[in-house]
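Q: Everything below, folded, please.
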Amino acid sequence: ATCTEYGKFYNVVKCERCGARLEVSFEIINPYGHLFTNYVSNGDATLTQDGTKTAKCERCDETDTVTDVGSATGTSDPTPLSKADVSLSFTSAVYTGSEIKPAVTVSIKGETVPESCYKVTYSNNIDAGKASLKITAAQNSPVKGSTSRSFTISKAPSVISLSSKSDTYDGKAKSIGSAAVDGSSGKVTYVYYTNKACTKKTTKAASGSSKSGYAPKNVGTYYVKAKVAADDNYNAAVSAAARFVIKQGSSAVTLSSQTAVYTGEPVEINPAEVTGSTGKITYIYYTNRKCTKKTTVSKNGAAKNGGAPSKIGTYYVKAKVAADSNYKAAVSKVVKFVISYVSFEWNDTFLLPRVGGLGTLVSSYDLYLYKEDEEGNTQLMGQLKNQKSVLSQGVRKKTDPFTEGSRYKIKVVLTLTSGSKKTVNKWMTY
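A: All right, here's what the predicted structure looks like:
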């Protein structure tokens, strides 16, 4: 028989005289079974797990391996965490607004301690700066005591952007508007430039800005960069340059209708009222409301075509202001402009006796009013045309062109029905 197999035992009866076998019998022998007595450790115990041990059968070469209870290396003599090897999954991170927790690995002599054997607590691990963690050993574990480690949380990047914009000149400084900021809550500042490369800042002289790099007010194309300052958790950032255009403002030209007194010289309409451009103002005179026919030298007594007329009549005028650097050009609405004869007071006490009996023979007449200056020179103040009946009836016309104490001459030019003319002069002091 062996440790695992059955055997047989034979009994033989022989004759004592001749040795002949008289009887043979046998017995079955059961297996002996292994005999393991001397177990030897295999050296595979860990800090927290028992190892194994192995023994060789005393009868054969068979071996038996069993758990070596109580052989775990750490439970009997825990290692202080201060002497253990501690590593973090990272020692620096970027701010996210949430808790940052690097993973912790504890090892003793190259063997990793299970996470269940210790507890990790984190401090100051949200905001940018120095964060820390504390490792505390659990009871009945291969480690004991506690230890701490630190790691760094860096500021996150900020993003700032500006959108291109256009505005219209109105004499005030113009800003591009607010930048879009993702990140820092720091102060946002803007710098204005006159070139795309952003090397030339706006100036008071060229751009109308209050200071160098400030918002401009003059018409032009500018480029703007916005900068957000850093705060506790985000870095500063500068935007890409955005295009900013200030367009010319609108001008307005206003003319008022007017009636002027004939003087014999070209008469100009009163100056237009202009808002906006400081450019040159020009006036064009027309003889029709649609403004398709300009005044002429020959027909209207203008110095040039479209110029101010000198002859009695009804005209139409437009004023135009030229553009300047900040305002557009503009044209007024058409207004009516009348040049009429001056009216003045006269009566038959000085006029009719000089006309005599010609009243019924007069087909038309012109009356001229002259004013004498201090040097004795006369200046034509105006002309009045009346119908024949007015002269014959001695009707009084009232006006106020007279200056008290001045000397005036009234000249009447009569056109008789025969075609001849007769002139009557009368001096008077007002």
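
Q: Distance-wise, check Ala303 relative to Tyr285.
A: 11 Å (CB to CB, to the nearest Å). Quick note: C-beta positions are derived from backbone N, CA and C, even for glycine.

Q: Compare these two (neighbour count), which wins?
A: For Ala303 versus Tyr285, neighbours defined as other CB atoms under 10 Å are more numerous around Tyr285 (24 against 13).

Q: what about that one, which SS state?
A: strand (DSSP: H, G, I helix; E, B strand; the rest coil).

Q: Name the nearest residue to it, ignoring sequence neighbours.
A: Closest residue to Tyr285 apart from its sequence neighbours, by CB to CB, 6 or more residues apart in numbering: Thr295 at 4.3 Å.

Q: before we move on, what about Glu372?
A: Arg407 (4.4 Å).

Q: quick one: pLDDT of the one you found?
A: Arg407 carries a pLDDT score of 71 in this model.

Q: pretty sure Gln105 contacts Val86?
A: Heads up, residue 105 is Thr, not Gln. Yes. With contact defined as CB atoms under 8 Å, Thr105 and Val86 form a contacting pair (7.3 Å).

Q: What pLDDT is listed against Leu88?
A: So, for Leu88, pLDDT stands at 97.

Q: hey, what's it bridged with?
A: Val104 (DSSP bridges).

Q: Give me the buried positions along stretch 142-149.
A: Of all the residues in stretch 142-149, those buried under the rule 16 or more other CB atoms under 10 Å are Pro142, Val143, Lys144, Thr147, Arg149.

Q: For it, which outside residues touch it?
A: 47-48, 72-75, 78-82, 84, 86, 88, 104, 106, 108, 113, 117-118, 132-137 (CB atoms under 8 Å, 6 or more residues apart in numbering).

Q: End to end on that stretch, go ahead and measure it.
A: This stretch, stretch 142-149, spans 20 Å end to end (CA to CA, to the nearest Å).

Q: So the residue positioned nearest the centre of the chain versus Tyr169, what's the distance?
A: In the chain, the C-alpha nearest the mean C-alpha coordinate belongs to Gly177, at 3.9 Å (CA atoms, centre = their mean). Gly177 sits 17 Å away from Tyr169, going by CB to CB.

Q: same check, this time on Val331
A: On the measure of CB to CB, Val331 and Tyr169 end up 19 Å apart.

Q: contacting residues for the residue lying closest to Thr278 once chain neighbours are set aside?
A: Nearest non-adjacent residue to Thr278, counting by CB to CB, 6+ apart: Asp324, 5.0 Å away. Residues counted as contacts of Asp324 (CB under 8 Å, 6+ apart) are Ser277, Thr278, Gly279.

Q: need these in JSON lines with secondary structure, neighbour count and distance to Ser184, can you?
A: Shown next, in JSON lines, are these (DSSP: H, G, I helix; E, B strand; the rest coil; neighbours: other CB atoms under 10 Å; distance: CB to CB, whole Å):
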{"residue": "Ser277", "secondary structure": "coil", "neighbour count": "23", "distance to Ser184": "44"}
{"residue": "Thr278", "secondary structure": "coil", "neighbour count": "14", "distance to Ser184": "45"}
{"residue": "Gly279", "secondary structure": "coil", "neighbour count": "18", "distance to Ser184": "47"}
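
Q: now, which of those sits nearest Ile312?
A: Set against Ile312, the nearest of those by CB to CB is Gly279 (32.7 Å).

Q: list the buried ones in the helix or strand hosting Ala319?
A: Secondary structure from DSSP states H and E places Ala319 in strand 313-321. For strand 313-321, burial by neighbour count (16+ other CB under 10 Å) applies to Gly313, Tyr315, Tyr316, Val317, Lys318, Ala319, Lys320, Val321.
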